[in-house]
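Undergrad: Provided below for reference: sequence and predicted model.
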Amino acid sequence: LSASFLILAVIAFRKFFSSKMPRTVFLFLWMLAWCKLMIPIPTGFSVPVTNGWFEKMPDITAALPLSAGTWQTAGAGPDFGWNLLKILWLCGAVSVSLYIAYLHAASMKKYRTAIPLKESSWIPMWLEQKRSFRRITVRVSDEIASPLTYGIFFPVILLPKQSDWADKESMKLILEHEAAHIRHLDALKKLCLTISCVCHWFNPLVWLMAALACRDMELACDEAVVRAMGGENRKFYADLLVNL
């Protein structure tokens with residue numbers, strides 16, 4: 001419940017300051033909301049101690065007008081309502097997990113049909129400039145309509161086969177956008193958002209958080225491209241996004 005209020009607060013903040021703040025600020029706020037959702041915060045408790053040893057707790061059943069057998073039977077009764085909620089939650093979580101796993105497997109089956117890039121000779125040189133501890137691969141597929149990136153440890157930039165390879169400036173902007181996704185670890189962030197949707201499938205605010213966070217990831221990459229390429233390319237880049 002407290003995480004839901006935090007999500008609402010981030011949504012309101014995003015609504016009023018969307019044009020005044022960089023998208024990295026909103027992504028940081030979404031990360032805080034995700035942590036509130038997923039990381040259990042233990043509550044403090046105290047144990048009575050006497051002279052360094054645990055003090056023996058009093059037997060509260062001794063003061064009750066019930067026999068020991070009656071007390072044990074009453075305390076051992078299952079809470080059917082709570083157990084039913086657990087079963088409903090587990091069924092929903094398993095159903096959502098299986099559906100997402102099916103979509104992921106179908107996408108990966110398409111992506112594996114992609115072939116290595118051969119149309120352009122300048123892209124390998126561009127990849128050398130972007131070299132990091134994770135090796136980036138560029139592949140081409142006729143199964144997609146727009147560029148995308150997948151993979152956490154071995155990231156792949158997947159480009160449509162019908163891309164205009166002669167338009168070097170446009171292709172460079174597209175690659176810079178996808179490389180920003182890789183630098184920002186957006187694949188890992190989306191995996192974490194997916195896990196939160198599985199665990200909190202019953203909460204529509206969590207699904208809304210995931211959708212808005214993914215949108216902010218895209219806009220953060222756009223901001224990174226504009227910073228890297230210079231402000232004079234803003235109109236050209238905006239036209240390119242519209243065409244894609």
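TA: Yep, it's here. This structure is a prediction, so every number in the text was calculated from the model and none was measured.
Undergrad: can you pull out the helices in this protein?
TA: Assigned by DSSP state H, the helices in the chain fall at 2-17, 23-38, 68-75, 80-111, 122-129, 168-183, 186-199, 204-229, 234-243.
Undergrad: Pick out the shakiest of these, pLDDT-wise.
TA: Sorting those by mean pLDDT places helix 68-75 lowest, at a mean of 52.
Undergrad: sorry, back to before: do you know which of the helices of the chain lies nearest P155?
TA: Counting by CB to CB, P155 lies closest to helix 168-183 out of the helices of the chain; the figure is 4.6 Å. Bear in mind the C-beta positions are built from the backbone N, C-alpha and C, glycine included.
Undergrad: Can you point out the buried residues in that closest one?
TA: Neighbour-count burial for helix 168-183 flags 170-182 (criterion: 16 or more other CB atoms under 10 Å).
Undergrad: Over to stretch 11-19?
TA: 11, 14.
Undergrad: Output that stretch as CSV, nothing but the C-alphas.
TA: This file holds the C-alpha atoms of stretch 11-19, laid out as CSV (Å, rounded to 0.1, in the frame of the first residue of the first chain):
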residue,chain,number,x,y,z
ILE,A,11,3.2,9.9,-11.4
ALA,A,12,2.1,13.3,-10.2
PHE,A,13,5.7,14.6,-10.1
ARG,A,14,6.2,13.3,-13.6
LYS,A,15,3.1,15.0,-14.8
PHE,A,16,4.0,18.4,-13.5
PHE,A,17,7.8,18.4,-14.1
SER,A,18,8.0,16.3,-17.3
SER,A,19,9.3,19.1,-19.4
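Undergrad: which other residues reach that stretch?
TA: 26, 29, 208-209, 212, 216 (CB atoms under 8 Å, 6 or more residues apart in numbering).
Undergrad: Out of these, which end up buried?
TA: In those, the ones that pass as buried (16+ other CB under 10 Å) are 26, 29, 209, 212, 216.
Undergrad: nearest to K118, of those residues?
TA: D216 (34.9 Å).
Undergrad: ok, back up a step: now, which of the buried ones among the contacts of stretch 11-19 sits nearest L117?
TA: D216 (29.3 Å).
Undergrad: Now do the same contact list for that closest one.
TA: Contacts here follow CB under 8 Å, 6+ apart; on that basis D216 touches 14, 23, 26-27, 30.
Undergrad: In stretch 137-146, which residues are buried?
TA: Buried, per 16+ other CB under 10 Å, within stretch 137-146: 138, 140-141, 144.
Undergrad: and it, how far out from the chain's middle?
TA: With CA atoms, centre = their mean, to the nearest Å as the basis, stretch 137-146 stands 23 Å off its chain's centre.
Undergrad: Endpoints of it, how far apart?
TA: 17 Å (CA to CA, to the nearest Å).
Undergrad: I7 reaches W207, doesn't it?
TA: No: here I7 does not reach W207: they are 10.3 Å apart, not a contact under CB atoms under 8 Å.
Undergrad: More neighbours: which of these two?
TA: Using other CB atoms under 10 Å, the more surrounded residue of I7 and W207 is I7, with 22 against 15.
Undergrad: for the buried ones among the contacts of stretch 11-19, which one is nearest A105?
TA: Taking the buried ones among the contacts of stretch 11-19 together and measuring to A105 by CB to CB, the closest member is M209, at 25.0 Å.
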